[in-house]
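Asker: Based on what follows, work out the 3D shape:
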Amino acid sequence: MDKDTLINSRLTGENSSQNNEEHEHGKHPNSLANLKPYEKGVSGNPGGRPVKYAKLKKALDKWADLELDYDWWDLPPKAAKTLKDQVHWRIWHKARQGCNKSIEILAKLGCLDDE
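Answerer: All right, here's what the predicted structure looks like:
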């Protein structure tokens with residue numbers, strides 16, 4: 001093979017030793033030979049999709065069943081001692097007052113679902 005032919009074949013991606021047959025995307029025999037299907041009933045992702053914000057959901061669920069015996073607007077209950085607990089309580093408190101963003105957070109995390 002002369003120098004010009006070699007340069008041209010490298011630029012076009014052709015190789016004289018390759019078979020120049022065209023294959024549909026994903027249908028090349030070499031690609032298909034490497035595939036091994038999963039057994040019936042077996043998932044390729046046994047752990048499933050990881051739950052986003054799982055710790056936040058757990059922390060918010062702590063406040064889900066709290067029965068309030070007062071009607072204060074801004075003061076968290078005595079159980080909310082840490083700043084984190086106060087934030088979690090505030091999300092519930094604002095949702096109770098009708099804040100759509102807080103309701104959306106609770107809904108996306110599944111905190112409003114009956115279990």
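
Asker: pLDDT below threshold where in the protein?
Answerer: Scanning the chain for pLDDT under 70 picks out 1-21, 66-77, 115.

Asker: Give the buried residues for the top helix by length along it.
Answerer: Ranked by residue count and defined by DSSP state H, the top helix of the chain is helix 83-96. Going by neighbour count (16 or more other C-beta atoms under 10 Å), the buried part of helix 83-96 is 85, 88-95. C-beta: built from backbone N, CA, C; applies to glycine.

Asker: Kindly report the same for stretch 31-42.
Answerer: Buried residues in stretch 31-42, counted by 16+ other C-beta under 10 Å: none are found.

Asker: How about stretch 46-57?
Answerer: Buried residues in stretch 46-57, counted by 16+ other C-beta under 10 Å: 56-57.

Asker: What is the distance between it and the centre of its chain?
Answerer: Offset of stretch 46-57 from its chain centre (C-alpha atoms, centre = their mean, to the nearest Å): 8 Å.

Asker: Stretch 27-47 now?
Answerer: Stretch 27-47 sits 23 Å away from the centroid of its parent chain (C-alpha atoms, centre = their mean).

Asker: what distance separates the start and the end of that stretch?
Answerer: Taking C-alpha to C-alpha, to the nearest Å, stretch 27-47 runs 30 Å from one end to the other.

Asker: got CSV for the buried residues of helix 83-96, with distance to residue 109 too?
Answerer: As requested, those are exported to CSV (distance: C-beta to C-beta, whole Å):
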residue, distance to residue 109
85, 16
88, 11
89, 15
90, 15
91, 10
92, 12
93, 16
94, 15
95, 11
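
Asker: just those residues now: which is nearest residue 58?
Answerer: Proximity of the buried residues of helix 83-96 to residue 58, judged by C-beta to C-beta, is greatest for residue 88, which lies at 9.9 Å.
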